[in-house]
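# attaching a predicted model along with its sequence, questions to come.
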Amino acid sequence: MNLYRLLKIFGKIRSRRVKLLAVFLMHIMHKRILGIYIDPVLGCNYRCRMCYFSDENKRKELHGTIKDEDLSLIAGALFHRALKLQIGCGAEPTLNDNLPRLINLGRKYGIPYISLTTNGRLVNREYLEHMIESGLDEITVSAHGITKETYENLMTKGDYGHFMRLMNDFIAIKEKHPSFTVRLNYTMNEDNIEELGLFGNILGNIPIDVLQLRPIQKIGESEYRNFNLEKIERMYDSIIVPLVSYCSKRGIVCMVPEKNNFTILERQDNANGIFEQLTYCYISPKICWREDFDYKNESYESYCKRHNVGKYIMKEFFSINTKGNKYKDKTIKMNYKIK
């Protein structure tokens, strides 16, 4: 399944009614509708300066691992309705020794696309081979710098040498598994934007399939305090535009916000909030999907029946025009374009 092609097609649909109708039809036809985002363990071996794991007080709140027996129950309750399984969202999943079992559960329930997001510190070629054999479709490696100085400055406890060895491991991995997807997530700030101009020189021989450029956002307390995006916007035409062009020539999918979206953060209106509410499922040692969802005793279907979700979708469908101009301050998002 080409997930990025599907995202690009869905992004081109302008009518919120059409999108909501599609969600309704998938719901009543018992099709896969969920994007499941799971943190099997709440912990991290890095202390990246832009991340809340650099805050001592926040780290005290983040702990725990999903037990194997609970994982089986969660999979039985939700995985059969998942379109994608994203392992690793707000923590480092490779600290969990049992990831192959989680991937196997995803395959058992027929999830079409399984992705792992990691800082890569515990990943090597042998590890990757094991994960791919278990059924992993994609690995996303997070990086906040391309040079050693910037990488290790922003990714405290990070090892640039290991990062580059992992990048080079992807050459052999892609030769053996050409359909496996390698993705790099790069969080941009005023201290690392300029070295994106070195991307081709340093990583030009690495078979990266997807590059996401994410402007820094405040998602909690962190050591790094500079959230100003003005420099990134100023350098958009001289740094980002040429990089997007380079990616296009290399066949790399580049996900990056449009220039005007750096200074105008998108407010999430009710219509977009509905889509997220209906399709987004977050799981961690602290929560499974919804606060009132009992994965030990009910399924996705029984929960939706209990809450009359089908009727709720249709109610929103007929009232979407009158509610479209009202906004929630639930989250801050960028309009990413897939290029």
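Everything's here; your move.

# just name the shakiest helix or strand of this protein by mean pLDDT.
strand 327-333 (a mean of 41; mean pLDDT, DSSP states H and E).

# report the buried residues of the helix or strand hosting residue 73.
Residue 73 belongs to helix 68-78 when assigned by DSSP states H and E. If you call a residue buried by 16 or more other C-beta atoms under 10 Å, then helix 68-78 has these buried ones: 71, 73-75, 77-78. Any C-beta I mention is one placed from the backbone N, CA and C, and that applies to glycine too.

# what sits closest to residue 226 if chain neighbours are left out?
Of all residues not flanking residue 226 in the chain, residue 190 sits nearest, at 5.7 Å (C-beta to C-beta, 6 or more residues apart in numbering).

# any idea how far that neighbour is from residue 93?
Applying C-beta to C-beta, to the nearest Å, the value for residue 190 to residue 93 is 29 Å.

# the two: which has the busier surroundings?
residue 93 (22 against 16; other C-beta atoms under 10 Å).

# I figured that one was touching residue 43, is that so?
No. If you go by C-beta atoms under 8 Å, residue 93 and residue 43 don't touch, sitting 9.7 Å apart.

# now tell me what touches stretch 301-319 from outside.
Stretch 301-319 has contacts (C-beta atoms under 8 Å, 6 or more residues apart in numbering) with 17, 20-21, 23-24, 27-28, 30, 271, 274, 278, 290, 293, 298, 323.

# now a PyMOL select for only the buried ones of those residues.
Per 16+ other C-beta under 10 Å, the buried members of the contacts of stretch 301-319 correspond to this PyMOL selection:
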select buried, resi 20+23+24+27+271+274+278+293
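
# and the contacts of stretch 301-319, which two are the farthest apart?
Among the contacts of stretch 301-319, the pair separated by the greatest distance (C-beta to C-beta) is 17 and 298, at 30.6 Å.

# looking at the contacts of stretch 301-319, which gets the smallest pLDDT?
Across the contacts of stretch 301-319, the bottom pLDDT score, 46, is held by residue 323.

# could you pick out the longest helix of the chain?
As assigned by DSSP state H, the longest helix anywhere in the chain is helix 160-176.

# ok so, going back, okay, the helix holding residue 73 in CSV with CA atoms only?
Output in CSV follows, covering the C-alpha atoms of helix 68-78 (Å, rounded to 0.1, in the frame of the first residue of the first chain):
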residue,chain,number,x,y,z
ASP,A,68,2.1,-8.5,26.8
GLU,A,69,-1.3,-9.7,27.9
ASP,A,70,-2.8,-6.2,27.6
LEU,A,71,-1.2,-5.8,24.1
SER,A,72,-3.0,-8.9,22.9
LEU,A,73,-6.3,-7.6,24.2
ILE,A,74,-5.8,-4.2,22.7
ALA,A,75,-4.9,-5.8,19.3
GLY,A,76,-8.1,-7.9,19.4
ALA,A,77,-10.2,-4.9,20.2
LEU,A,78,-8.9,-2.4,17.7
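
# for it, which helices and strands make contact with it?
With contacts defined as 3 or more C-beta pairs under 8 Å, 6 or more residues apart in numbering; DSSP states H and E, helix 68-78 has these neighbours: helix 99-108, strand 280-283.

# what angle sits between whichever helix or strand comes after it and helix 99-108?
Under the assignment DSSP H and E, the closest C-terminal helix or strand after helix 68-78 is strand 82-87. Strand 82-87 runs at 170 degrees relative to helix 99-108, counting by axes from the mean of the first three to the mean of the last three C-alpha atoms, to 10 degrees.

# just the helices in the protein please.
Under DSSP H, the chain gives helices at 3-12, 16-28, 56-61, 68-78, 99-108, 125-134, 148-154, 160-176, 199-203, 230-234, 241-250, 270-279, 300-306, 309-323.

# enumerate the positions of the third one that are buried.
In this case it means helix 56-61. Within helix 56-61, no residue is scored as buried using 16+ other C-beta under 10 Å.

# repeat that for stretch 178-193.
Buried, per 16+ other C-beta under 10 Å, within stretch 178-193: 180-193.

# and those residues, which is closest to residue 119?
Set against residue 119, the nearest of these by C-beta to C-beta is residue 185 (10.1 Å).

# and that closest one, how far is that from residue 211?
8 Å.

# good, we can wrap up now.
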